[in-house]
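Q: build the 3D model from these lines:
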Amino acid sequence: MNINWQNRLSVDITTLSEATKKIGNTNNFYVYIIWKTYTEIPTPFYVGKGHLQRIIKHGIKSDANNNIYKTNIFNKHKRLGLECGYSIHSFYNDEEESLQKEIDLILLIGRADLKQGPLANKTDGGDGTLGHLAPKGGDSHSARPVYAGNLLYVCLKDAANALEITSGAVSSRIKNGWDGYYYQDEEQIKPTKKILGRYKKEVVVESRLYPSASDAARKLSIDVKMISKRINYGWDGYYYTDKSQLPRKTIWSSRKDKVSITRLLVKLTSNPSYSYQN
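A: Numbering: from 1, shown residues only. All right, here's what the predicted structure looks like:
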(Lines give C-alpha, C1' and ligand atoms only; values in the text may rest on other atoms or scores of the structure.)
Protein backbone atom coordinates (compact mmCIF):
# COMPACT_ATOMS: atom_id res chain seq x y z
CA MET A 1 0.00 0.00 0.00
CA ASN A 2 1.34 3.42 -1.00
CA ILE A 3 1.20 5.80 1.94
CA ASN A 4 0.96 9.51 1.25
CA TRP A 5 3.68 10.46 3.70
CA GLN A 6 3.60 14.12 2.74
CA ASN A 7 0.02 14.44 3.96
CA ARG A 8 0.62 12.23 6.96
CA LEU A 9 3.63 14.28 8.09
CA SER A 10 2.08 17.61 7.06
CA VAL A 11 5.23 18.93 5.41
CA ASP A 12 6.09 20.83 2.25
CA ILE A 13 8.42 19.18 -0.28
CA THR A 14 10.81 21.65 -1.88
CA THR A 15 14.08 21.74 -3.83
CA LEU A 16 17.43 21.64 -2.03
CA SER A 17 17.96 25.31 -2.82
CA GLU A 18 14.64 26.26 -1.23
CA ALA A 19 15.39 24.08 1.80
CA THR A 20 18.76 25.75 2.38
CA LYS A 21 17.12 29.17 2.12
CA LYS A 22 14.62 28.11 4.77
CA ILE A 23 17.51 27.12 7.05
CA GLY A 24 19.34 30.37 6.30
CA ASN A 25 21.87 31.38 8.94
CA THR A 26 19.91 30.05 11.90
CA ASN A 27 21.98 28.38 14.56
CA ASN A 28 19.07 26.13 15.56
CA PHE A 29 19.04 22.39 15.02
CA TYR A 30 16.52 20.91 12.63
CA VAL A 31 15.12 17.60 11.43
CA TYR A 32 14.85 17.06 7.70
CA ILE A 33 13.48 14.49 5.25
CA ILE A 34 14.75 13.66 1.75
CA TRP A 35 12.25 12.28 -0.77
CA LYS A 36 12.21 10.09 -3.86
CA THR A 37 10.46 12.04 -6.60
CA TYR A 38 10.47 9.32 -9.27
CA THR A 39 7.82 7.26 -7.46
CA GLU A 40 4.07 7.60 -8.11
CA ILE A 41 3.79 9.78 -5.01
CA PRO A 42 6.84 11.27 -3.21
CA THR A 43 8.39 8.69 -0.88
CA PRO A 44 10.69 9.56 2.05
CA PHE A 45 14.02 7.74 1.89
CA TYR A 46 16.14 9.52 4.49
CA VAL A 47 15.57 11.29 7.81
CA GLY A 48 18.32 13.27 9.49
CA LYS A 49 19.15 15.82 12.15
CA GLY A 50 20.97 18.87 10.88
CA HIS A 51 22.79 21.97 11.98
CA LEU A 52 23.68 24.91 9.72
CA GLN A 53 23.89 23.70 6.10
CA ARG A 54 24.67 20.04 6.76
CA ILE A 55 21.73 19.01 4.57
CA ILE A 56 23.66 19.93 1.39
CA LYS A 57 26.32 17.27 2.04
CA HIS A 58 24.12 14.35 1.03
CA GLY A 59 25.04 12.81 -2.30
CA ILE A 60 28.54 14.28 -2.50
CA LYS A 61 31.52 12.06 -3.35
CA SER A 62 32.71 11.62 0.24
CA ASP A 63 29.23 10.42 1.17
CA ALA A 64 29.07 7.70 -1.50
CA ASN A 65 30.60 4.80 0.45
CA ASN A 66 28.86 5.54 3.75
CA ASN A 67 25.43 4.32 2.67
CA ILE A 68 25.27 2.52 -0.69
CA TYR A 69 21.47 2.25 -0.70
CA LYS A 70 21.06 6.00 -0.18
CA THR A 71 23.73 6.72 -2.81
CA ASN A 72 21.96 4.52 -5.36
CA ILE A 73 18.76 6.52 -4.86
CA PHE A 74 20.62 9.79 -5.47
CA ASN A 75 22.23 8.29 -8.57
CA LYS A 76 18.87 7.15 -9.94
CA HIS A 77 17.54 10.70 -9.67
CA LYS A 78 20.57 11.93 -11.62
CA ARG A 79 20.08 9.32 -14.35
CA LEU A 80 16.43 10.36 -14.70
CA GLY A 81 17.28 14.05 -14.68
CA LEU A 82 15.28 14.60 -11.51
CA GLU A 83 16.00 16.37 -8.24
CA CYS A 84 15.28 14.81 -4.88
CA GLY A 85 12.65 16.47 -2.70
CA TYR A 86 13.56 18.07 0.64
CA SER A 87 11.52 18.93 3.72
CA ILE A 88 12.59 20.81 6.84
CA HIS A 89 10.29 19.06 9.31
CA SER A 90 10.97 21.17 12.40
CA PHE A 91 13.49 23.45 14.17
CA TYR A 92 14.79 23.12 17.74
CA ASN A 93 16.84 25.23 20.14
CA ASP A 94 17.80 22.10 22.04
CA GLU A 95 19.82 19.42 20.24
CA GLU A 96 18.41 16.61 22.37
CA GLU A 97 14.89 17.47 21.22
CA SER A 98 15.96 17.34 17.58
CA LEU A 99 17.65 13.97 18.11
CA GLN A 100 14.50 12.59 19.73
CA LYS A 101 12.35 13.83 16.83
CA GLU A 102 14.78 12.14 14.40
CA ILE A 103 14.33 8.87 16.29
CA ASP A 104 10.53 9.26 16.31
CA LEU A 105 10.34 9.91 12.56
CA ILE A 106 12.62 7.00 11.65
CA LEU A 107 10.51 4.69 13.81
CA LEU A 108 7.27 6.04 12.32
CA ILE A 109 8.34 5.76 8.65
CA GLY A 110 10.49 2.63 9.03
CA ARG A 111 13.93 1.46 7.90
CA ALA A 112 14.32 -0.52 4.67
CA ASP A 113 17.19 -2.67 6.03
CA LEU A 114 14.83 -3.90 8.76
CA LYS A 115 11.98 -4.34 6.23
CA GLN A 116 9.91 -1.85 8.21
CA GLY A 117 9.60 0.94 5.63
CA PRO A 118 11.29 2.91 2.82
CA LEU A 119 14.09 4.69 4.72
CA ALA A 120 17.74 4.17 3.78
CA ASN A 121 18.83 5.09 7.31
CA LYS A 122 21.18 2.50 8.81
CA THR A 123 20.54 3.44 12.44
CA ASP A 124 17.56 4.35 14.62
CA GLY A 125 18.82 7.95 14.79
CA GLY A 126 19.74 9.92 17.86
CA ASP A 127 23.41 9.37 18.66
CA GLY A 128 24.27 7.99 15.24
CA THR A 129 24.87 4.40 16.40
CA LEU A 130 21.66 3.20 18.03
CA GLY A 131 20.25 0.20 16.19
CA HIS A 132 23.18 -0.15 13.78
CA LEU A 133 23.35 -3.68 12.37
CA ALA A 134 27.15 -3.76 12.16
CA PRO A 135 29.25 -4.58 15.26
CA LYS A 136 30.84 -1.69 17.11
CA GLY A 137 33.70 -1.28 19.54
CA GLY A 138 37.08 -2.98 19.74
CA ASP A 139 40.55 -1.77 20.57
CA SER A 140 41.51 -0.33 17.18
CA HIS A 141 42.52 3.30 16.80
CA SER A 142 39.42 4.08 14.76
CA ALA A 143 37.10 2.63 17.43
CA ARG A 144 38.11 5.10 20.15
CA PRO A 145 35.49 7.63 21.28
CA VAL A 146 36.08 10.89 19.45
CA TYR A 147 34.89 14.48 19.57
CA ALA A 148 33.99 16.02 16.21
CA GLY A 149 32.60 19.53 16.11
CA ASN A 150 32.61 19.35 19.94
CA LEU A 151 30.11 16.45 19.87
CA LEU A 152 31.10 13.04 21.25
CA TYR A 153 30.83 9.96 19.01
CA VAL A 154 31.51 6.28 19.68
CA CYS A 155 34.13 6.06 16.93
CA LEU A 156 35.57 7.77 13.86
CA LYS A 157 33.07 6.11 11.52
CA ASP A 158 30.08 7.37 13.52
CA ALA A 159 31.50 10.90 13.51
CA ALA A 160 32.11 10.67 9.76
CA ASN A 161 28.58 9.42 9.08
CA ALA A 162 27.05 12.16 11.19
CA LEU A 163 29.08 14.87 9.45
CA GLU A 164 28.63 13.28 6.01
CA ILE A 165 32.39 13.06 5.36
CA THR A 166 34.93 10.23 5.35
CA SER A 167 36.62 8.80 8.44
CA GLY A 168 39.91 9.93 6.93
CA ALA A 169 38.65 13.51 6.82
CA VAL A 170 37.75 13.39 10.53
CA SER A 171 41.16 11.90 11.33
CA SER A 172 42.86 14.62 9.29
CA ARG A 173 40.98 17.33 11.15
CA ILE A 174 42.13 15.83 14.45
CA LYS A 175 45.77 15.71 13.31
CA ASN A 176 45.65 19.27 11.96
CA GLY A 177 44.11 20.66 15.12
CA TRP A 178 40.64 21.66 13.99
CA ASP A 179 38.85 23.20 16.94
CA GLY A 180 36.53 20.66 18.60
CA TYR A 181 38.10 17.60 16.89
CA TYR A 182 40.06 15.26 19.18
CA TYR A 183 40.01 11.78 20.71
CA GLN A 184 38.30 11.57 24.10
CA ASP A 185 41.44 10.17 25.73
CA GLU A 186 43.65 12.90 24.23
CA GLU A 187 43.78 16.67 24.44
CA GLN A 188 42.94 19.11 21.66
CA ILE A 189 45.92 19.40 19.30
CA LYS A 190 47.14 22.91 18.52
CA PRO A 191 46.19 24.08 15.01
CA THR A 192 48.87 23.48 12.40
CA LYS A 193 50.19 26.20 10.09
CA LYS A 194 48.18 24.54 7.31
CA ILE A 195 44.94 25.15 9.16
CA LEU A 196 45.83 28.67 10.24
CA GLY A 197 47.19 29.58 6.83
CA ARG A 198 44.63 28.04 4.51
CA TYR A 199 41.36 27.21 6.17
CA LYS A 200 41.11 30.14 8.57
CA LYS A 201 42.02 32.95 6.18
CA GLU A 202 39.47 35.73 5.81
CA VAL A 203 37.96 35.72 2.35
CA VAL A 204 35.62 37.90 0.32
CA VAL A 205 33.07 35.92 -1.71
CA GLU A 206 30.43 37.66 -3.83
CA SER A 207 31.77 40.90 -2.30
CA ARG A 208 30.92 39.78 1.25
CA LEU A 209 33.45 39.08 4.00
CA TYR A 210 33.66 35.59 5.58
CA PRO A 211 36.07 34.21 8.22
CA SER A 212 37.09 31.36 5.90
CA ALA A 213 36.40 29.80 2.50
CA SER A 214 34.72 26.82 4.16
CA ASP A 215 32.39 29.14 6.08
CA ALA A 216 31.47 30.96 2.85
CA ALA A 217 30.91 27.65 1.05
CA ARG A 218 28.59 26.41 3.77
CA LYS A 219 26.52 29.58 3.97
CA LEU A 220 26.25 30.08 0.20
CA SER A 221 25.88 26.39 -0.72
CA ILE A 222 28.92 26.59 -3.02
CA ASP A 223 31.66 23.97 -3.31
CA VAL A 224 34.72 25.31 -1.48
CA LYS A 225 36.90 24.16 -4.42
CA MET A 226 34.82 26.34 -6.73
CA ILE A 227 35.45 29.34 -4.48
CA SER A 228 39.19 28.66 -4.62
CA LYS A 229 39.10 28.45 -8.43
CA ARG A 230 37.17 31.70 -8.72
CA ILE A 231 39.71 33.44 -6.48
CA ASN A 232 42.61 32.11 -8.54
CA TYR A 233 40.91 33.16 -11.80
CA GLY A 234 40.27 36.64 -10.48
CA TRP A 235 36.47 36.63 -10.39
CA ASP A 236 35.24 40.04 -9.33
CA GLY A 237 34.37 40.03 -5.62
CA TYR A 238 36.34 36.84 -4.86
CA TYR A 239 39.66 37.23 -3.00
CA TYR A 240 41.59 36.57 0.20
CA THR A 241 41.82 39.74 2.27
CA ASP A 242 45.58 39.35 2.73
CA LYS A 243 46.14 39.26 -1.03
CA SER A 244 43.37 41.51 -2.40
CA GLN A 245 41.63 41.05 -5.76
CA LEU A 246 43.65 39.14 -8.37
CA PRO A 247 43.57 40.24 -12.04
CA ARG A 248 40.98 38.41 -14.14
CA LYS A 249 42.45 35.41 -15.93
CA THR A 250 41.08 33.87 -19.11
CA ILE A 251 41.69 30.68 -21.04
CA TRP A 252 41.16 32.53 -24.35
CA SER A 253 44.87 32.62 -25.19
CA SER A 254 45.06 28.83 -25.23
CA ARG A 255 42.06 28.33 -27.55
CA LYS A 256 42.91 26.65 -30.89
CA ASP A 257 39.71 27.78 -32.60
CA LYS A 258 39.89 31.51 -31.87
CA VAL A 259 39.18 33.93 -34.73
CA SER A 260 40.12 37.60 -34.66
CA ILE A 261 37.20 40.00 -34.44
CA THR A 262 38.44 41.85 -37.57
CA ARG A 263 38.34 38.68 -39.68
CA LEU A 264 34.90 37.80 -38.33
CA LEU A 265 33.46 41.25 -39.18
CA VAL A 266 34.87 41.12 -42.70
CA LYS A 267 33.29 37.69 -43.21
CA LEU A 268 29.91 38.87 -41.95
CA THR A 269 29.80 42.10 -44.02
CA SER A 270 31.03 40.43 -47.22
CA ASN A 271 28.39 37.71 -47.03
CA PRO A 272 24.97 39.12 -46.00
CA SER A 273 23.42 35.64 -45.97
CA TYR A 274 25.85 34.50 -43.27
CA SER A 275 24.24 34.17 -39.87
CA TYR A 276 25.40 33.24 -36.38
CA GLN A 277 23.76 29.85 -36.82
CA ASN A 278 26.10 29.15 -39.75
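Q: pLDDT value on residue 3, please?
A: Residue 3 is assigned a pLDDT of 89 by the prediction.
Q: ok, how many other residues are close to residue 122?
A: By other CB atoms under 10 Å, 21 other residues sit near residue 122. (Each C-beta comes from the backbone N, C-alpha and C, glycine too.)
Q: right, and it touches residue 48 too?
A: No - the pair residue 122 and residue 48 fails to qualify as a contact (CB atoms under 8 Å) at a distance of 11.6 Å.
Q: for residue 83, which non-adjacent residue is closest in space?
A: Among residues not flanking residue 83 along the chain, residue 15 sits closest, at 5.9 Å (CB to CB, 6 or more residues apart in numbering).
Q: ok, now which ones touch that neighbour?
A: Contacts here follow CB atoms under 8 Å, 6 or more residues apart in numbering; on that basis residue 15 touches 83, 85-86.
Q: which one among the residues you listed gets closest to residue 53?
A: The nearest member of the contacts of residue 15 to residue 53, counting by CB to CB, is residue 86 at 12.1 Å.
Q: confirm the closest one sits in a strand?
A: Yes - counting by DSSP: H, G, I helix; E, B strand; the rest coil, residue 86 falls inside a strand.
Q: ok, and the closest non-adjacent residue to it?
A: Taking CB to CB, 6+ apart as the measure, residue 86 lies nearest to residue 19, with 3.9 Å between them; neighbours along the chain are not counted.
Q: which element is encountered next along the chain beyond the helix or strand that neighbour falls within?
A: In this structure, residue 19 sits in helix 16-23 according to DSSP states H and E. Towards the C-terminus, the helix or strand next in line after helix 16-23, according to DSSP H and E, is strand 29-36.
Q: show me where pLDDT drops low in the chain?
A: When the per-residue scores of the chain are filtered using pLDDT under 70, the ranges that remain are 1, 54, 56-66, 127-143, 192-200, 250-278.
Q: can you give me the helices in it?
A: Ranges of helices within the chain are 5-9, 16-23, 68-80, 95-109, 156-163, 167-175, 193-194, 213-220, 224-232, 261-270, based on DSSP state H.
Q: quick revisit: so which elements touch the helix holding residue 19?
A: Helix 16-23 makes packing contacts with strand 85-92 when contacts are defined by 3 or more CB pairs under 8 Å, 6 or more residues apart in numbering; DSSP states H and E.
Q: tell me how far the strand it packs on lies from the chain's centre.
A: Counting by CA atoms, centre = their mean, to the nearest Å, strand 85-92 is centred 16 Å from the centre of its parent chain.
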